[in-house]
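Q: Prediction below, plus the sequence it came from.
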Amino acid sequence: MRFLTADYLYPLYKNPIKEGVLQISDMGEVIAIFDNREDITNEKLELFDGVLCPGFINAHCHLELSHLSGQTDKGKGFLNFVEAIQQRNNFSKERIKEAIILAEQQMIKNGIVAVGDICNTSDTIFQKTKGNLNYYNFIEVFGVKNKLTDQIITDAKALRNNFRKAGQKATISPHAPYSVPPKLMREINISFDNKDSLFTIHMQETHHENELFQNKEGVLKTWLENKKASPEIWKNRQRAVDILQELEAEKVMLVHNTFTKKEDLTENYYCTCPNANLYIESTLPDYSIFDTDKLCLGTDSLASNKSLSILEELLVIKENSNFDLNTLLKIASKNGAEALGFSNLGTFEKGKTPGVNLIYGLKKVSVIA
Ligand SMILES: [Zn+2]
């Protein structure tokens, strides 16, 4: 049994407690929370400088792209980034695997306990089955031509089944409003079964997405036309968020939302990846518009971020919002756990095993349990 205390305890399901004490079992299960250190007698208190909070949830990552670290140009815009990612297969399997192992180690060191991970391949399964972290895998589909729908969905189901056979949570999810025609969306809906709990989708990562749907123009439209895309993509949707009407799920997590306006907002979960937005588009979402009980945080991949650290993402939000520390930590932990359905993570509620992070000077994080 351990009794942990610091300047502040952030249980996240209730208000922060000055000099509060967290009692956990040797297995990391939360046993109790005490408001005063004096309540603990005859037990050894472990005293820390800083604040204690639950383990972080990285709600959006692409672990399989870790080998592309340093391979893409910074600040060249979204379409340039998409083209650069096409180089993903020009690397040996060994290099891809090694990068996945190192990226996971980095996340663990940075206090991350669960990940919402986008998958286009089975490359990460070998590492995920080791059980070092909790993963919700989103099998991402895209394909701008209607005639490829059957093949795309057949391949996606095979990949999803590989993940499920390995004991992993896996759901087929659409990539983005501009890359999935209505026909493919219908097949994605049909694929959703009782093992699935939410969809995720990249949303309004570039302003070209708004140009495409609202004005039926811009470089994204030219890009799609060059790829002989099915025009229903932009004809049937008047706004990027209109694609949500085609998704039949109770829960959706929208990722990026860099160019989302207040009138675009829905009841869904929203995930922001600030450092990736700065890397690719040199801009950030307007944080004042979001419901802070539904806002989650992700690192995106090492192709568009120098590290996989939720604390570093939090620091960017802190500089660009008026959120207090309790709100920031909820975004980093509680909300992502709720969105991804990890009911034993995200808060210091009794019976959970959420992991314990110590943050000191709001600069460094270390894993305490
Ligand atoms: Zn992404």
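A: Looks like it came in fine.
Q: Every contact and neighbour count from this point should use C-alpha atoms.
A: OK.
Q: ok, now how distant is T353 from K18?
A: Taking C-alpha to C-alpha, to the nearest Å as the measure, T353 falls 22 Å from K18.
Q: Compare these two (neighbour count), which wins?
A: Between T353 and K18, T353 has the larger neighbour count (other C-alpha atoms under 10 Å), namely 23 against 16.
Q: Check the contact between the more buried one and G28; I expect there is one.
A: Yes: using C-alpha atoms under 8 Å, T353 is in contact with G28, at 5.5 Å.
Q: To which secondary structure element type does the closest residue to D264 other than its chain neighbours belong?
A: In space, and not counting its chain neighbours, D264 is closest to V241: 6.6 Å by C-alpha to C-alpha, 6 or more residues apart in numbering. Under the three-state scheme (DSSP: H, G, I helix; E, B strand; the rest coil), V241 adopts helix.
Q: Next one, pLDDT for V241 please.
A: At V241, the pLDDT value in this model is 96.
Q: Show me what Y136 bridges to in the sheet.
A: Y136 has these beta-bridge partners by DSSP bridges: G116, K169.
Q: Surely it is in contact with V113?
A: No: the pair Y136 / V113 is not scored as a contact, 11.6 Å apart, by C-alpha under 8 Å.
Q: Can you show me the helices along the stretch 201-350 of the chain?
A: For the stretch 201-350 of the chain, applying DSSP state H, counting those that start in this stretch gives helices covering 207-210, 219-226, 232-235, 274-280, 310-319, 325-329, 335-340.
Q: quick one, which of those is packed in tightest?
A: helix 335-340 (a mean of 26; mean count of other C-alpha atoms under 10 Å).
Q: Following the chain onward from that one, which element is next?
A: Going down the chain from helix 335-340, the next helix or strand is strand 356-360, by DSSP states H and E.
Q: tilt between that following strand and helix 310-319?
A: If you take axes from the mean of the first three to the mean of the last three C-alpha atoms, to 10 degrees, strand 356-360 sits at 50 degrees to helix 310-319.
Q: what about dumping the CA coordinates of strand 356-360 to PDB?
A: Taking C-alpha atoms only, strand 356-360 is exported to PDB below (Å, rounded to 0.1, in the frame of the first residue of the first chain):
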ATOM      1  CA  VAL A 356      -0.300   8.400 -11.300                       C
ATOM      2  CA  ASN A 357       1.700  11.300 -12.900                       C
ATOM      3  CA  LEU A 358       3.700  13.900 -11.000                       C
ATOM      4  CA  ILE A 359       3.900  17.200 -12.800                       C
ATOM      5  CA  TYR A 360       6.400  19.700 -11.500                       C
END
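Q: which strands and helices sit next to it?
A: Using 3 or more C-alpha pairs under 8 Å, 6 or more residues apart in numbering; DSSP states H and E, the elements in contact with strand 356-360 are strand 51-54, strand 364-367.
Q: Show me what it is in contact with.
A: The contact list for strand 356-360 (C-alpha atoms under 8 Å, 6 or more residues apart in numbering) reads 48-55, 111, 365-369.
Q: Neighbouring strands of that strand in the sheet, and parallel or not?
A: strand 51-54 (antiparallel), strand 364-367 (antiparallel).
Q: do you know which of those strands lies nearest F91?
A: The closest of those to F91 is strand 364-367. By C-alpha to C-alpha, the value is 32.5 Å.
Q: Would you mark the buried spots in that closest one?
A: Within strand 364-367, the residues that qualify as buried are V365, V367, counting by 16 or more other C-alpha atoms under 10 Å.
Q: Kindly report the same for stretch 75-92.
A: For stretch 75-92, using 16+ other C-alpha under 10 Å, the buried residues are G75, G77, F78, L79, F81, I85, R88.
Q: show me the contacts for the third one.
A: So the one you mean is F78. Per C-alpha under 8 Å, 6+ apart, neighbours of F78: E205, T206, I280, E281.
Q: residues in contact with the closest residue to the last one other than its chain neighbours?
A: Nearest-residue entry for E281: G77, 5.0 Å, with adjacent residues in sequence omitted and distances by C-alpha to C-alpha, 6+ apart. Remark: with contacts taken as C-alpha under 8 Å, 6+ apart, G77 is in contact with I280, E281, S282.
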